[in-house]
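1. can you look at this prediction? I've put the sequence above it.
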Amino acid sequence: MSVVTEVSQDGQKLTISIKGRFDFAKHQEFRESYEHLIPKPESFEVDLKDATYLDSSALGMLLLLRDHAGGENAEITLTNANADVRKILAISNFEQIFDVA
Amino acid sequence: MDDPHLNRDVLVALQEVMEDEYPMLLDTFLADSEERLSVLRQQTDARQLMETAHSFKGSSSNMGAVRLADLCHELEHRAKEYSPPDLQKLIREIDLEFAVVRPLYEAERERALFEKATVRRF
Amino acid sequence: MTAVQTPFEALTVLIAEDSAADRLLLSTIVRRQGHDVLTAANGAEAVEVFRQQRPQLVLMDAMMPVMDGFEAAQQIKALAGETLVPIIFLTSLTESEGLARCLEAGGDDFLAKPYNQVILAAKIKAMDRLRRLQATVLQQRDQIARHHNYLLNEQRVAKAVFDKVAHSGCLNAPNIRYLQSPYALFNGDLLLAAFTPAGDMHVLLGDFTGHGLPAAVGAMPLAEVFYGMTAKGYGLSETLREMNAKLKRILPVDMFCCATLLCLSFQRRSVEVWNGGMPDGYLHNIASDERTPLTARHLPLGVLSPETFDDRTEVFPMAVGDRVFLLSDGVIDTCDASEQLFGVERLHQVFAANRQPEELFEEIEQALRDFRGEARDDVSMVEVSLLDATQMSPPTLVYSDSGQSCPLDWSVSFEFRAASLKRFNPLPYLLQLLLEVHGLRAQSGALYSVLAELYSNALEHGVLGLDSNLKRDASGFARYYQERNARLDALHSGYVRVHLEVVPTGEGGCLSIRVEDSGKGFDIARVMERPAENVRLSGRGVNLVQQLGRNASWSDNGRSARVEFFWDALA
């Protein structure tokens, strides 16, 4: 499985780990990883440690997550991005709307 | 009863398949075989012997003439190796074998025709 | 679970066998199994019967006179083409060599003599399944091909509609050079260019997420906003706000448009830049041969809500001959056989090696071809040069009314205070108002330039108190505009007043424009004394106003500027 999820003990935080290429092929898996959780977690982390590559459809998927998580008020952190992924996040200026750790 | 020349089970199956055309099948086979034999007797070239023997083998085996099929098989595969005298000997054997099975097929044909006539009566 | 039985379907079977008895036997067996039978006594006959009757399955004796089974099989397979016609070889060939020959000749299976009915029936059934499977595959393939052509046609139609809506603007102006695939639209690439009424040029290079129709569909509303607002005289910031709001509203959450927007001013010799998510553009200073990267500072369009959208632009000075070069990420992302990216470094190498600016495009294309091994057709590049203002001839505006009923004797005054000054550009409205006067239309470019100059002077030097001397050099330029944005954000008092008066004079008429500001003013006499300089990064625009309008004058210690425009009777 290339999209692995983990919910914290109190159900308040969801961590989604992406392995391999973060592209359109992961669309459905990614959505399903957070869409139906009840109650909805308060904060989200997308762990990109094993993500090798990020394309514009991945950026779109992050926007969908952000929309689900409350839009402007969403608490989402992107963690452990490698240099290539960081560069893509930088060019698109997604660091302005996501916490990149 | 194991007949080394003619496999009776094959004949039974053939009749079952052919039904009314069974006699015609037997006739066709006999006519074909005569033709092939005359080609073999001429003993022209190895290639023709091979092909004719092959063909004869095929139909003999279909018709249950097991020994005839075996002899043809031998001829097919040895046509190039055997010396003319040996070939001649083998062809003669085939000739003789056919002479044995021929009346058996003819008898079979008669029996089938009679059966058909008899059955019709009722 | 019960197995699904395929219903029995009678086939037409061709039996090619030279031995009459065997042929008779086999025909009977096959007929009894419910199929129709055709016969042939040799290979040539078999091919001919196949050609004329097209049976669905062939039982082929290997050794036949005239033409043997192998040759016949090959010819029949050739005649059958894409359709699968199974060929079962009838053979008493036991050596594997013989069997291999059957396969090579196109045979699909064997049946040994003596014929076994049960085995034959099973083989026919299996071959028939294969035959029908192949037929289904071909049918589905044809269906897919039909649908594909249908979609291609839809795209063609969409593209035609788009081309009408998003006419190519002024991409063919003498100072623009561009490269775009004809299917760029369906890769989400968009290139737009248009003149403003003042003769400035707006250029947009965009890249929608996704491919195909979803990407193309977003381009249409974007192009309408771009062309509409540019033609009315709106600046980059307002146009960007509208484009972002529109895309945010109509596109699904996960779709957005990366874009770089430029406003090139030939009169002011500057370029205003906004880059949201696109790769670096490059401003090439010909004199120093330096390239300044124009980096993305913003999120792509359609991501942020109107409240959080950042429309701040950067401004750079340009000299005549300087160029701005923009490219889509198709260039950087080009891969070679081992999945290595072309990357930014290689692009910089091409820049460094370039001697003739006119050849830059070819050199980049060649470098991509060399790297990838073949040409790519989805890269977009555009290069915009600053030519002298006199070399640019923007097209005349087209009007939709007859001009018969136009206002000829009127005046109007506006006062724009701090809150409006911050977020509102009144120039398009003022211009639209003035263009109601038919006689002024021929001078719309000059009108807009003068209005824009007077307004920006009143706002920047008057109300905001910015010193035009800051724009002396390139770094000062940048600081000036940063300072402008900062002061504007902090503004809470002040005003700019605009008075317009139109009166008839004989057959024609006169427009007088007066612009006043609440600032400190300036020393008029000193500014008038300065000799007109040809190459200058900035000024009070005094020269411009004097050249384009008539009877320009300043009063109230420089806080009030007045200028007139005249027109004669129309022919």
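-> On my side now, so go ahead. Residues are numbered from 1 along each chain as shown, chains lettered A, B, ... in the order given.

2. drop to CA atoms for contacts and neighbour counts, all remaining ones
-> OK.

3. for stretch C:170-178, buried residues please.
-> C:Cys170, C:Leu171, C:Ala173, C:Asn175, C:Ile176, C:Arg177, C:Tyr178 (16 or more other CA atoms under 10 Å in any protein chain shown).

4. is C:Val37 in a helix, a strand, or coil?
-> Following DSSP: H, G, I helix; E, B strand; the rest coil, we place C:Val37 in the strand state.

5. who are the contact partners of it?
-> By CA atoms under 8 Å, 6 or more residues apart in numbering or on different chains, C:Val37 lies in contact with C:Thr12, C:Val13, C:Leu14, C:Ile15, C:Ser27, C:Val30, C:Arg31.

6. now do the same for C:Tyr399: its pLDDT.
-> Note for C:Tyr399: predicted pLDDT of 62.

7. what's in contact with stretch C:297-306?
-> Under CA under 8 Å, 6+ apart, the answer for stretch C:297-306 is A:63, A:91-94, A:96, C:241, C:243-249, C:251, C:253, C:255-259, C:274-278, C:310.

8. low-confidence bits of the stretch 251-400 of chain C, can you list those?
-> Within the stretch 251-400 of chain C, the stretches with pLDDT under 70 are C:373-377, C:395-400.

9. if we go to 80?
-> The model of the stretch 251-400 of chain C has pLDDT under 80 over residues C:334-340, C:372-378, C:389-400.

10. show me the strands in it, by range?
-> Under the criterion DSSP state E, counting those that start in this stretch, the stretch 251-400 of chain C carries strands at the ranges C:257-265, C:270-276, C:281-285, C:290-294, C:314-317, C:323-327, C:381-385.

11. thinking again about what came up before, tell me which of the contacts of stretch C:297-306 fall in helices.
-> Among the contacts of stretch C:297-306, the ones falling in helices (DSSP state H) are A:Leu63, A:Ile91, C:Arg241, C:Met243, C:Asn244, C:Ala245, C:Lys246, C:Leu247, C:Lys248, C:Arg249.

12. identify the residues contacting the residue nearest to the spatial centre of chain B.
-> Geometric centre of chain B, nearest residue: B:Ser60, 4.1 Å, by CA atoms, centre = their mean. Applying CA under 8 Å, 6+ apart to B:Ser60 gives the contacts B:Val66, B:Leu68, B:Ala69.

13. closest to B:Asp95 out of these?
-> For the contacts of B:Ser60, the minimum distance to B:Asp95 (CA to CA) is 9.1 Å, reached by B:Leu68.

14. can you tell me which residues contact C:Ile379?
-> Check again: residue C:379 is Val, not Ile. By CA under 8 Å, 6+ apart, the residues touching C:Val379 are C:Leu179, C:Gln180, C:Ser181, C:Ala184, C:Leu327, C:Ser328, C:Asp329, C:Gly330, C:Val331.

15. same deal with C:Ile76?
-> With CA under 8 Å, 6+ apart, C:Ile76 has these contacts: C:Val47, C:Phe50, C:Arg51.

16. so who does the closest residue to chain C within chain B touch?
-> For chain B and chain C, the shortest gap (CA to the nearest CA) falls at B:Asn62, measuring 4.3 Å. For B:Asn62, the contact set (CA under 8 Å, 6+ apart) comprises B:Val10, C:Asp22, C:Lys113, C:Pro114, C:Tyr115.

17. on that earlier part again, just the buried residues of the ones in helices among the contacts of stretch C:297-306.
-> Counted by 16+ other CA under 10 Å, those give A:Leu63, A:Ile91, C:Arg241, C:Met243, C:Asn244, C:Ala245, C:Lys246, C:Leu247, C:Lys248 as buried.

18. what's the closest non-adjacent residue to the fourth one?
-> This points to C:Met243. Spatial nearest neighbour of C:Met243, excluding adjacent residues (CA to CA, 6 or more residues apart in numbering or on different chains): C:Leu222 at 5.9 Å.

19. same check on the first one?
-> Residue nearest to A:Leu63 in three dimensions, not counting chain neighbours: C:Asp254, with 5.6 Å by CA to CA, 6+ apart.

20. please tell me I have it right and the one you found contacts A:Ser56.
-> No: applying CA atoms under 8 Å as the test, C:Asp254 and A:Ser56 come out as separate, 9.2 Å apart.

21. for stretch A:15-28, give me every contacting residue.
-> Taking CA under 8 Å, 6+ apart as the rule, stretch A:15-28 contacts A:2-8, A:33, A:44-58, A:61.

22. those also near chain C: which ones?
-> Filtering the contacts of stretch A:15-28 for neighbours of chain C using CA under 8 Å from any CA of the partner chain leaves A:Ser56, A:Ser57, A:Met61.

23. hmm, C:Phe566 is touching C:Ile513, no?
-> No: shown here, C:Phe566 and C:Ile513 do not form a contact pair, counting by CA under 8 Å, at 11.5 Å.

24. so between the two, which is more surrounded?
-> Set C:Phe566 next to C:Ile513 and count neighbours by other CA atoms under 10 Å in any protein chain shown: C:Ile513 wins out with 22 against 18.

25. helix, strand, or coil at the more buried one?
-> Using three-state DSSP as the criterion, the local structure at C:Ile513 reads strand.

26. for it, which non-adjacent residue is spatially closest?
-> Leaving out its chain neighbours, the residue that sits closest to C:Ile513 by CA to CA, 6+ apart is C:Leu500, at 4.9 Å.
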